[in-house]
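> test case, fold it:
(chains A and B)
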Amino acid sequence: METNQKPLTPEERQANIDRFIKRWKEERAKADAEFEARVNSPAYQEMLKELRKKNAARGIVIPEPKV
Amino acid sequence: MQREELSSQNQKYDFEFLSGEENTYSFQTRNEFVYEVLFRPTPYLFGDTSLYANFVYELIIRVARNNSSKQSPPFDPLVAPTIAEIFTDFYIKAPLTIAIYICDSSDNRQFVRQAKFNRWFEYFDKDDFTKLDDVIRDSEGNRYPVSLILKYNNPHRKAIFLAFLELIEGYNHEK
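Sure, this is the predicted structure:
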């Protein structure tokens, strides 16, 4: 495929990769910080309870979490 | 016995799609593990101003809760078909999705993750989805196996794969 863009130098390409990996790690860390609060919320636990009921109706028994 | 195994392969867990910008799906298993499958917007893969920016999502599959006494999830024949079903469900909502699966290398288990993901991908509908695998290397020498997954009938499939290869191979081939 032809493009009008000037080909990147190896250094520019590496800088792009490094920028991508850096941002990927930053985004992941940000989301992970919110994750614990979300999965421990009553709404999340209620959703899991409903899923256990739905699975049980199809014969897939999922044990209740031990408190 | 074979019939029982086949029946087991076709069974799946019920899952729930949660609202939120990370497009999170959740399901739990008989082994008391709660999994989440996320499609996290990743517009920066090809650059925030790229034509494809709004269609790129990072696919994340993680254990959200371990309510069992085991350290890691034992083999469960229902997990892979459930993940495949979730994947299909998301592509029904967003057919032009470009999913990138990146194997974390922070604990040096990236190639174990890649092998596991490849086993899960066996359950995906091969007539519907196509996958391109490669490895990204950062300047510190860390290697990240990556997979790019698209609907086979994505009208931009070839251009997207080419853009992806240019993005990662440019560097790798110079090393």
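
> how far does the lengthiest helix in chain A sit from its chain's centre?
When chain A is parsed with DSSP state H, its longest helix is helix A:10-39. Centroid separation for helix A:10-39 versus its chain: 12 Å, with Cα atoms, centre = their mean, to the nearest Å.

> which strands and helices lie in contact with it?
Counting contacts by 3 or more Cβ pairs under 8 Å, 6 or more residues apart in numbering or on different chains; DSSP states H and E, helix A:10-39 is packed against strand B:33-41, strand B:56-66, strand B:129-137, helix B:157-172. From N, CA and C alone the C-beta is placed, and that goes for glycine too.

> what comes up buried for it?
For helix A:10-39, burial by neighbour count (16 or more other Cβ atoms under 10 Å in any protein chain shown) applies to A:13-14, A:16-18, A:20-21, A:24, A:28, A:31, A:38-39.

> ditto for stretch B:49-68
B:52-53, B:55-61, B:64-65, B:67-68.

> got the residues of chain B near chain A?
B:11, B:13-16, B:18, B:22, B:26-30, B:32, B:34, B:40, B:42, B:44-45, B:58, B:64-65, B:67, B:78, B:102, B:136-139, B:142, B:144, B:159, B:162, B:167-168, B:170-171, B:174 (Cβ under 8 Å from any Cβ of the partner chain).

> which among the residues you listed end up buried?
For the residues of chain B next to chain A, buried by 16+ other Cβ under 10 Å: B:13-15, B:18, B:22, B:26-29, B:32, B:34, B:40, B:42, B:44-45, B:58, B:64-65, B:67, B:78, B:102, B:136-138, B:144, B:167-168, B:170-171.

> where does chain B have its least confident helix or strand?
helix B:2-10 (a mean of 47; mean pLDDT, DSSP states H and E).

> and the next helix or strand past that helix?
strand B:16-17 (DSSP states H and E).

> show me what that next one pairs with in its sheet, parallel or antiparallel.
Take DSSP bridges as the rule and strand B:16-17 pairs in its sheet with strand B:24-28 (antiparallel).

> now the strand it pairs with and helix A:10-39, what's the angle there?
Going by axes from the mean of the first three to the mean of the last three Cα atoms, to 10 degrees, strand B:24-28 is angled at 50 degrees with respect to helix A:10-39.

> check the helices and strands packed on helix A:10-39 for me: which has the lowest mean pLDDT.
Here those differ in mean pLDDT, and the lowest is helix B:157-172 at a mean of 81.

> that one to strand B:129-137, inter-axis angle?
Orientation note: helix B:157-172 sits at an angle of 20 degrees relative to strand B:129-137 (the same axes, to 10 degrees).
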